[in-house]
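Trainee: Could you look at this predicted model? Sequence included:
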Amino acid sequence: MEERQASHAEYSGLVLFKSTFDGELPAVEYPKINVCSSILPPSSLLSLPINSSTPPFREPPLGAGSYVVG
């Protein structure tokens with residue numbers, strides 16, 4: 001069998017990427033932003049009737065001091 005050599009062009013240089021978050025967010029996290037931002041409006045619309053239908057507290061909730069003192 002005859003050995004063949006491929007001739008490929010060689011490049012050298014610096015590759016810069018423009019990050020929306022100034023490099024603060026890894027590339028893996030970018031899809032999560034789209035998912036979370038698309039879920040936020042429907043979930044907030046669904047929570048409005050649930051929050052408005054629950055009765056308010058008659059008395060304020062007890063603080064941690066009342067559990068310690070007895």
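Mentor: Received it, and whenever you're ready, just let me know what you need.

Trainee: ok, how many other residues are close to residue 11?
Mentor: The local packing of residue 11 (other CB atoms under 10 Å) involves 5 other residues. For the C-beta atoms, the positions are set from N, CA and C on the backbone; glycine is no exception.

Trainee: element containing residue 45?
Mentor: If you go by DSSP states H and E, residue 45 is part of helix 30-53.

Trainee: can you pull the alpha-carbon coordinates of stretch 31-46 into PDB?
Mentor: Coordinates of each C-alpha in stretch 31-46 appear next as PDB, following Å, rounded to 0.1, in the frame of the first residue of the first chain:
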ATOM      1  CA  PRO A  31     -30.200  27.800  26.300                       C
ATOM      2  CA  LYS A  32     -31.500  28.000  29.900                       C
ATOM      3  CA  ILE A  33     -32.100  31.700  29.500                       C
ATOM      4  CA  ASN A  34     -34.500  31.200  26.600                       C
ATOM      5  CA  VAL A  35     -36.300  28.400  28.500                       C
ATOM      6  CA  CYS A  36     -36.700  30.400  31.700                       C
ATOM      7  CA  SER A  37     -37.700  33.600  29.900                       C
ATOM      8  CA  SER A  38     -40.400  31.700  27.900                       C
ATOM      9  CA  ILE A  39     -41.800  30.000  31.100                       C
ATOM     10  CA  LEU A  40     -42.000  33.100  33.200                       C
ATOM     11  CA  PRO A  41     -45.000  34.800  31.600                       C
ATOM     12  CA  PRO A  42     -47.300  31.800  31.500                       C
ATOM     13  CA  SER A  43     -46.400  30.800  35.100                       C
ATOM     14  CA  SER A  44     -47.000  34.300  36.400                       C
ATOM     15  CA  LEU A  45     -50.400  34.400  34.700                       C
ATOM     16  CA  LEU A  46     -51.300  31.000  36.200                       C
END
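
Trainee: So what touches that stretch?
Mentor: With contact meaning CB atoms under 8 Å, 6 or more residues apart in numbering, stretch 31-46 is reached by residue 25.
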